[in-house]
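Novice: below is the sequence, then the predicted model.
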Amino acid sequence: MKPIHFVDPNNLLLCAIITAAMQIFFFGIAATFRFDKVTDFAGGTNFMVLALMTLLLAQTFSVRQILVTAFVCAWGIRLSGYLLYRIIKIGEDKRFDDKRDNLCAFAGFWTFQAIWVFTVSLPVIFTNCSYSNVNNYFTVQDIVGISMYGVGLLTETFADFQKFNFRDNPANNGKWCDYGLWKWSRHPNYFGEILLWWGMFLISTSVIQGGQWAGVIGPVFITSILLFLSGIPLLEKKSDERYGKVEAYREYKRSTSPLVPLPPYFYGRLPDAVKCFVCCEFPLYNTMDEADEDELEVKVDEVNGKARANSA
C-alpha cells in the first residue's frame, strides 16, 4: 500500500494537530472536573498514539520501525499505568495545588505537556517516516541504542517500584529514600528516562537523513528539563528544605550521585570538578548552604538588634 502523507512527508503537522487535540481534550476534563487522574495518562498515551499512527501511515513496516513503536508503547503503558495507579492511591496530585484555581497556569502546564510529547517523539516520528531507510539490517547504532533503551527502562521501572514501596511503608514516614537503586543515585528514575530516550535517538540515526537530524532535539529537551528545570532542581530543593539539617541526609547527599548510579564509597571520594562535569553534580542542586547562610544572617541581625537595644 502507498504511504499516507498529511501535508508533509514526515507527517509532522498531523502529529502536532493530534497532540494538541488530545491535550486540549484531557485539559477540558481536568479543568472542568478538577480531575488530576487523567494528566499523566494523557501524556503517556499521546506518545503511543503518535508512534502507532506514524507506523501505520508509512506502510513500510520495517523491523526497526516496529521495534521503536513497540518500545514507545511499552514505555507509555508502564509510565501511564504506574502514574495512574499512584495518583488513584494518593488522591490529588500536589503538582497542581497552586494551579487548579488558576486557569491560565493550569493551561500553561498542559501546553508544556503537549510540547514535551511532540518534541520527545521526534526521533520515533522520523524513524517511522515512509522514506526512511527501511532495511532490516541492524547497525551498531541499533544494537547500542536497544541496549540503552533496555537498561533505561529497567532502571526507571525498578526505581519507581522501589520508591513507591518505600513511601508506602508507614515506618518510613519522614525519611528520604535511600533504598535499592536510590542508595547509588538520588534520581535513578531520571537516569533511566534520559538513557532510554537517547537510546531511541541512537536507533533513529541508522535511518534519518538531512533535516531529520533535528530529532536530536527530543533527547536534548528531556535531558534539559530533568537536569535544569522541573526535574532534579525542584526535588533537590524540596529535600534540602525538609532534611537539610539532618547530618545523615547531608552525608547521603555528599556520597550519592545525583544521576548516574555509582557506589557511594567511590562517588564520595571523587574530586568536586569530576562530580560536576562528569556526574552532573551542579551547584544549583545544593540549596542547603543558602539556607544556612540565611539563618545565620537572621541570627546576626537579632544579635545586633539586641546590642543596639541594650546600648540605648
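Specialist: Cool, the structure landed. Since the model is a prediction, treat every value here as computed from it, not as a measurement.
Novice: residues near P188, how many?
Specialist: 25 (other CB atoms under 10 Å). The C-beta positions use only the backbone N, C-alpha and C, and glycine is treated the same way.
Novice: state the distance from it to V144.
Specialist: According to CB to CB, to the nearest Å, P188 stands 21 Å off from V144.
Novice: and if you look at D101?
Specialist: 47 Å.
Novice: which one's more surrounded, these two?
Specialist: V144 (15 against 10).
Novice: which helix or which strand is home to the more buried one?
Specialist: For V144, the enclosing helix or strand under DSSP states H and E is helix 140-168.
Novice: how far away from the center of its chain is that helix?
Specialist: On the basis of CA atoms, centre = their mean, to the nearest Å, helix 140-168 sits 12 Å off its chain's mean C-alpha point.
Novice: can you map out the helices along the stretch 151-300 of the chain?
Specialist: Using DSSP state H, counting those that start in this stretch, the helices found in the stretch 151-300 of the chain span residues 188-204, 217-224, 232-243, 247-255, 264-267, 272-277, 288-311.
Novice: out of these, nearest to F112?
Specialist: Proximity to F112, assessed across the helices of the stretch 151-300 of the chain by CB to CB, is greatest for helix 217-224 (11.0 Å).
Novice: would you mind getting the angle between the closest one and helix 188-204?
Specialist: Per axes from the mean of the first three to the mean of the last three CA atoms, to 10 degrees, the angle that helix 217-224 makes with helix 188-204 is 170 degrees.
Novice: kindly compare burial across the helices of the stretch 151-300 of the chain and name the winner.
Specialist: Highest mean neighbour count among the helices of the stretch 151-300 of the chain (mean count of other CB atoms under 10 Å): helix 188-204, with a mean of 25.
Novice: how about stretch 175-190: buried residues?
Specialist: 176-177, 180-190 (16 or more other CB atoms under 10 Å).
Novice: ok, stretch 15-24 next?
Specialist: Across stretch 15-24, burial judged by 16+ other CB under 10 Å covers 15, 18-20, 22-23.
Novice: ok, for E236, nearest residue in space, not its chain neighbours?
Specialist: Distances taken as CB to CB, 6 or more residues apart in numbering place Y285 nearest to E236, at 4.4 Å, with adjacent residues excluded.
Novice: isn't that neighbour up against L259?
Specialist: No. Y285 sits out of contact with L259 when judged by CB atoms under 8 Å, with a separation of 9.7 Å.
Novice: list residues touching both of those two?
Specialist: Taking CB atoms under 8 Å, 6 or more residues apart in numbering as the criterion, Y285 and L259 both touch I232.
Novice: and the residue lying closest to V216 once chain neighbours are set aside, how far from D142?
Specialist: Spatial nearest neighbour of V216, chain neighbours left out: F201 (6.2 Å); criterion: CB to CB, 6+ apart. With distances taken as CB to CB, F201 is found 12 Å from D142.
Novice: give me the common contacts of these two.
Specialist: What both F201 and D142 touch, as defined by CB under 8 Å, 6+ apart, is an empty set.
Novice: now do the same contact list for L122.
Specialist: By CB under 8 Å, 6+ apart, the contact set of L122 is 214-215, 217-218.
Novice: what about 6 Å?
Specialist: 215, 218 (CB atoms under 6 Å, 6 or more residues apart in numbering).
Novice: do the same with G180
Specialist: Q162.
Novice: and the pLDDT for it?
Specialist: Looking at G180, its pLDDT reads 96.
Novice: please apply the same query to V300.
Specialist: pLDDT, V300: 39.
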